[in-house]
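Trainee: Dropping the sequence and predicted coords here.
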Amino acid sequence: MDSPDYDLNSPEDFLKNEHFRRWVKYRGEDDRSFWEDFLNRYPEKRPAYEEAVATLLVIFGDDPDEESDLVRAGRLRALLDAGAGKAEPLPLWRWLRWIAAVLVIGLGFWWSKAGYESRIAGYRLEHPIALEEEAWITRQNQSKEVLLVNLPDGSSVLLSKASSIRFVKKMNGARRDVYLDGEGFFEVVKNPAKPFLVHTDKLTTRVLGTSFRVKSFPGQAEAEVVVKTGKVAVMTGDNDAAEPLMLYPNQRVSLIRKNDKVFRSVTGAVSAEAATAIEAEPFDFQFTPVSEAFKTLEMHYAVKIHFDQEKMGRCTVTAALKDEPFLEKIRLICLATESSFEIKGDQVSISGIGCP
């Protein structure tokens, strides 16, 4: 069989995968061997795999077959056992949870075909499900300068003027979702187990850990994504059947909506004129005086860094911090200089014993 995309991390990733859907629905022996090998290679992806299996079995319950709810539960258990390989058996509480999910079929719960389409699409959700409004934070930049926003997972966003971002207070779910109106430069903490998704009205950008810029203002026909480091997958917000578009360092994709269609244009070697200051900055420090390193951060992140010039005047830093989020940059510099930091708004205070 053709190999599916190994970039499968969330339940939605599995649900969008044709080979995975075929395995759950028809349970072919060839597919069984493939997915057993897959989970042996990537045991950390088993929880997302299990949730996707349960979801599809609930959905397939809409088909006019003659299986009872208990038979479906047995099928689910067999599938999970097959995918487990030599892993330990599922805890009883988790097994009971999956049985409950399958029994939902008989109640005609909210797993409609339309619901399934929206779950596997992976595009923007207008109203996040099952999260109260007060669980979300919205930050708006109404100034003329960029605004630094530090996210709960340690990632950072430089928000351009007339832009806003919305995110959950605690990123404890299977993935990290943020909703952007306007333009922002993202530096994302690497976490393969929790994909990071930036949703706009025109596109969704999905990453595991990288730095990139997204520009998509409401009411404007054109949107773009520019990658500084790492790799991102860009999906249009049309819920069409097109495969995600993969972008690599120094590549840019422009999307233009015209006559209800989206035209994509990918270019490489982003010019110096097209790149923003932070995209062009390497953040490569080689025995650099710490005062200069702090000035570089101040300039690009629109913050004020306070430190004792006399104590830290002899301190230097050697580090390549090209795609590290702002908080990680500060943490690593402080680690190298045996100092600590405190942040209040756009003010950063550094304290330490200094360097001899």
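Mentor: Okay, I see it. This one's a predicted model, so the numbers in the text were calculated from it and none came from an experiment.
Trainee: Walking through the stretch 151-300 of the chain, point out its helices one by one.
Mentor: 277-280, 290-301 (DSSP state H, counting those that start in this stretch).
Trainee: Among the ones you listed, show me which one is buried the most.
Mentor: Highest mean neighbour count of those: helix 290-301, a mean of 18 (counted as mean count of other C-beta atoms under 10 Å). Every residue, glycine included, has its C-beta placed from N, CA and C.
Trainee: After that helix, heading C-terminal, what element do we hit next?
Mentor: Counting by DSSP states H and E, the next helix or strand C-terminal to helix 290-301 is strand 304-306.
Trainee: Now the helix or strand just after that following strand: buried residues?
Mentor: Later in the chain than strand 304-306, the nearest helix or strand by DSSP H and E is helix 309-312. By 16 or more other C-beta atoms under 10 Å, the buried positions in helix 309-312 come out as 311-312.
Trainee: Next secondary structure element downstream of helix 309-312?
Mentor: From helix 309-312, the next helix or strand downstream (DSSP H and E) is strand 316-320.
Trainee: Go through that next one and flag the buried ones.
Mentor: For strand 316-320, the neighbour count (16+ other C-beta under 10 Å) marks 316-317, 319 as buried.
Trainee: returning to what we had before: same list (the helices of the stretch 151-300 of the chain) but as CSV, adding distance to residue 187 and mean pLDDT.
Mentor: Shown next, in CSV, are the helices of the stretch 151-300 of the chain (distance: least, C-beta to C-beta, whole Å; pLDDT from 0 to 100):
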stretch, distance to residue 187, mean pLDDT
helix 277-280, 9, 86
helix 290-301, 10, 94
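Trainee: and which of the buried residues of strand 316-320 is nearest residue 354?
Mentor: residue 316 (12.1 Å; C-beta to C-beta).
Trainee: For the closest one, which non-adjacent residue is closest in space?
Mentor: Spatial nearest neighbour of residue 316, chain neighbours left out: residue 287 (4.8 Å); criterion: C-beta to C-beta, 6 or more residues apart in numbering.
Trainee: wait, which of the helices of the stretch 151-300 of the chain is closest to residue 211?
Mentor: Taking the helices of the stretch 151-300 of the chain one by one with C-beta to C-beta, helix 277-280 is closest: 8.1 Å.
Trainee: If you count contacts, what does that closest one end up packed against?
Mentor: helix 290-301 (3 or more C-beta pairs under 8 Å, 6 or more residues apart in numbering; DSSP states H and E).
Trainee: in stretch 193-209, what counts as buried?
Mentor: 194-209.
Trainee: re earlier: distance to residue 23 added to the helices of the stretch 151-300 of the chain, as a markdown table?
Mentor: As requested, the helices of the stretch 151-300 of the chain are exported to a markdown table (distance: least, C-beta to C-beta, whole Å):
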| stretch | distance to residue 23 |
| --- | --- |
| helix 277-280 | 41 |
| helix 290-301 | 46 |
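Trainee: Go through these and name the closest to residue 311.
Mentor: With C-beta to C-beta as the measure, helix 290-301 is the member of the helices of the stretch 151-300 of the chain nearest residue 311 (10.4 Å).
Trainee: then the closest one to PDB, C-alphas only?
Mentor: The C-alpha coordinates for helix 290-301 follow below in PDB (Å, rounded to 0.1, in the frame of the first residue of the first chain):
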ATOM      1  CA  VAL A 290      25.400  40.800  26.800                       C
ATOM      2  CA  SER A 291      24.400  44.500  26.500                       C
ATOM      3  CA  GLU A 292      24.500  44.200  22.700                       C
ATOM      4  CA  ALA A 293      22.500  41.000  22.800                       C
ATOM      5  CA  PHE A 294      19.800  42.700  25.000                       C
ATOM      6  CA  LYS A 295      19.700  45.700  22.600                       C
ATOM      7  CA  THR A 296      19.100  43.300  19.700                       C
ATOM      8  CA  LEU A 297      16.200  41.700  21.600                       C
ATOM      9  CA  GLU A 298      14.800  45.100  22.500                       C
ATOM     10  CA  MET A 299      14.900  46.300  19.000                       C
ATOM     11  CA  HIS A 300      13.100  43.300  17.500                       C
ATOM     12  CA  TYR A 301      10.600  42.500  20.200                       C
END
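Trainee: For that helix, which outside residues touch it?
Mentor: Here helix 290-301 makes contact (C-beta atoms under 8 Å, 6 or more residues apart in numbering) with 146, 148, 156, 158, 277-278, 281, 283, 285, 303-305, 307, 309, 312-313, 315-317, 326, 329-330, 333, 337, 350.
Trainee: So what sits opposite residue 183 in the bridge?
Mentor: Counting by DSSP bridges, residue 183 forms beta bridges with residue 215.
Trainee: what pLDDT does it get?
Mentor: pLDDT, residue 183: 95.
Trainee: Hmm, it is touching residue 214, no?
Mentor: Yes: counting by C-beta atoms under 8 Å, residue 214 is a contact partner of residue 183 at 6.9 Å.
Trainee: neighbour-wise, which of these two wins?
Mentor: Between residue 183 and residue 214, counting by other C-beta atoms under 10 Å, residue 214 is the more crowded of the two (26 against 22).
Trainee: Can you give me the distance of that one to residue 154?
Mentor: Going from residue 214 to residue 154 by C-beta to C-beta, to the nearest Å gives 19 Å.
Trainee: Residue 12 too?
Mentor: Distance, residue 12 to residue 154, using C-beta to C-beta: 23 Å.
Trainee: Give me the more crowded residue out of those two.
Mentor: residue 12 (22 against 17).
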